[in-house]
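Asks: Sequence and predicted structure below; questions after.
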2 protein chains.
Amino acid sequence: MASNSEKTRAVVLLSGGMDSTVCAALAARDYQTSALHVSYGQRTEERERRAFVSICDTLGIESRLMVKNDALRVIGGSALTDHKITVPEWHAVGEDIPVTYVPFRNAHLLSIAVSWAEVIGANSIYIGAVAEDSSGYPDCRPEFYEAFQQVITLGTKPETSIEIRTPVIAMKKSEIVALGQRLEAPFELTWSCYRESDQACGDCDSCALRLRAFRAAGITDPITYLLDSKRFAY
Amino acid sequence: MASNSEKTRAVVLLSGGMDSTVCAALAARDYQTSALHVSYGQRTEERERRAFVSICDTLGIESRLMVKNDALRVIGGSALTDHKITVPEWHAVGEDIPVTYVPFRNAHLLSIAVSWAEVIGANSIYIGAVAEDSSGYPDCRPEFYEAFQQVITLGTKPETSIEIRTPVIAMKKSEIVALGQRLEAPFELTWSCYRESDQACGDCDSCALRLRAFRAAGITDPITYLLDSKRFAY
């Protein structure tokens, strides 16, 4: 095992949800880790920032960056950033791209991570995208990250070497829960709800996917829900 | 010629410099055009915004978005955004990527343009990148835009169709000046200087490239320079 001083550095995109927290636990195990949170006008951004700070504290990640992305907030076009668009209940989410899709969001997040990684000399970027067992956002698919890898290679300095890592992209959400438990990821500090900031609603797409994942993993979700009684209906 | 109502919409990234202004003139000739300016902590951002507004007024572009990108300002790592790094004089710029390179900046700019284009239903994004006859930034090369095109195709909704257009990427700067003159682009309103906001310095890399371009095109640059006497030395 390399000592800390020999480890190379990784940037992890840490929203504070369960998937990114498991990625942060993985990164912190293997690298000197710098954590990035982006507020883009999402309804729960303040709650996310609190989760981010406490997760970094628990995982021993001292190098942190919290930035605002004003463009996504102003551009809107998503139920997460435009309060005139309602966040649907999970059972109302159909086959199409859901209204919670934030247009091209993950390209913004990766761009910030790449700029930061290039300046601080990090060689990896961890992102907790999940492809199949998720909401079906186009910017969560493996081929999106393969294409973005090309953009990084071509758009940074010749001496810069940055690799995108998507360790949970092909996993089921229940496998991510199990992995997180093995890594002792602090699930009790995470925040997934799209709608609420005090207690998770238990009824949006994100809460539903999370509750179903914990249930399938046979592990009790340590956070509480407003609509906890519904959890076994998913 | 299609009437305005039949035209599809284009987004143009308009910094207010000569290259992006020529692109805006091209876009405005052929499309319903929406113009985007991004302030990312560059030294001259206020001056750029003034240029942006007056160029839009002159070209008849009513649909405008001016946004702040706080991440690039906070991350720094460039003489344009970090005031502790000096903007070098043009003759001090060597073979390496110059210190005025803003890490991965054009990925941020494109990401904002794509999100906006997807929400307003624009099908093209114009960007005034120049590859050979320029400062040698990695994110100004054609292959960077080809790779980013893939990212757009994969990272947006299936029904979204957005094409990046780089009409001046292979041109010499003097050819861009000549094209701008044919299009009656308002060069007198443009701003290229990296350093100053009242009168262009005439001595930074950006001023030098511009002055050399006008000279080679045999056209008088309509703006004035602090160090105008040097212009024939480039």
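Replies: The structure has been received and is ready for your questions.

Asks: C-alpha only now, for contacts and for neighbours.
Replies: Noted.

Asks: Give me the average confidence score over stretch A:170-187.
Replies: The average pLDDT for stretch A:170-187 rounds to 98.

Asks: Ok, stretch A:97-106 next?
Replies: 94.

Asks: go on, stretch A:28-38?
Replies: The average pLDDT within stretch A:28-38 is 98.

Asks: which parts of chain A sit against chain B?
Replies: Within chain A, the positions near chain B by CA under 8 Å from any CA of the partner chain are A:67-72, A:74-77, A:97, A:103-105, A:107-108, A:111-112, A:114-116, A:118-119, A:138-140, A:143-145, A:147-148, A:150-152, A:154-157.

Asks: In contact with A:Leu183: list those residues for me.
Replies: Contacts for A:Leu183 (CA atoms under 8 Å, 6 or more residues apart in numbering or on different chains) come out as A:22, A:25-26.

Asks: make it 7 Å
Replies: A:Ala25 (CA atoms under 7 Å, 6 or more residues apart in numbering or on different chains).

Asks: From chain B, how far off is it?
Replies: According to CA to the nearest CA, to the nearest Å, A:Leu183 and chain B sit 30 Å apart.

Asks: Type out the PyMOL command that picks the buried ones from the residues of chain A next to chain B.
Replies: Burial among the residues of chain A next to chain B is assessed by 16 or more other CA atoms under 10 Å in any protein chain shown; the matching PyMOL selection reads:
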select buried, chain A and resi 67+68+69+70+71+72+74+75+76+77+103+104+105+107+108+111+112+114+115+116+118+119+138+139+140+144+145+147+148+150+151+152+154+155+156+157
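
Asks: By residue count, which strand of chain A is the longest?
Replies: strand A:32-39 (DSSP state E).

Asks: Quick check: nearest residue in space to A:Leu14, chain neighbours excluded?
Replies: Counting by CA to CA, 6 or more residues apart in numbering or on different chains, A:Leu14 lies nearest to A:Ser20, which is 5.1 Å off, once chain neighbours are set aside.

Asks: what does A:Ala147 give?
Replies: Excluding the flanking residues, the one nearest A:Ala147 by CA to CA, 6+ apart is B:Val151, at 5.4 Å.

Asks: returning to what we had before: next SSE downstream of the longest strand of chain A?
Replies: helix A:45-59 (DSSP states H and E).

Asks: now the residue of chain A most remote from its centre: how far from B:Trp191?
Replies: Within chain A, the residue lying farthest from the chain centre (CA atoms, centre = their mean) is A:Pro158, at 28.9 Å. Going from A:Pro158 to B:Trp191 by CA to CA, to the nearest Å gives 29 Å.

Asks: Pull the residues that contact the helix or strand bottoming out on mean pLDDT in chain A.
Replies: Here the helix or strand of chain A ranked lowest by mean pLDDT, DSSP states H and E is helix A:205-217, holding a mean of 94. Residues outside helix A:205-217 that contact it (CA under 7 Å, 6+ apart) are A:89-90, A:173-175, A:177-178, A:192-194, A:202, A:220-221, A:231, A:234.

Asks: In strands, which of these fall?
Replies: Among the contacts of helix A:205-217, DSSP E puts none in strands.

Asks: filter those residues to the buried ones?
Replies: Counted by 16+ other CA under 10 Å, the contacts of helix A:205-217 give A:90, A:173-175, A:177-178, A:192-194, A:202, A:221, A:231 as buried.

Asks: could I get the residues you listed as JSON lines with distance to A:Tyr31?
Replies: Listed next are the buried ones among the contacts of helix A:205-217 as JSON lines, based on distance: CA to CA, whole Å:
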{"residue": "A:Trp90", "distance to A:Tyr31": "36"}
{"residue": "A:Lys173", "distance to A:Tyr31": "24"}
{"residue": "A:Ser174", "distance to A:Tyr31": "25"}
{"residue": "A:Glu175", "distance to A:Tyr31": "22"}
{"residue": "A:Val177", "distance to A:Tyr31": "21"}
{"residue": "A:Ala178", "distance to A:Tyr31": "21"}
{"residue": "A:Ser192", "distance to A:Tyr31": "25"}
{"residue": "A:Cys193", "distance to A:Tyr31": "29"}
{"residue": "A:Tyr194", "distance to A:Tyr31": "30"}
{"residue": "A:Gly202", "distance to A:Tyr31": "34"}
{"residue": "A:Asp221", "distance to A:Tyr31": "28"}
{"residue": "A:Arg231", "distance to A:Tyr31": "36"}
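
Asks: Take those and keep only those in helices.
Replies: Residues of the buried ones among the contacts of helix A:205-217 located in helices (DSSP state H): A:173-175, A:177-178.
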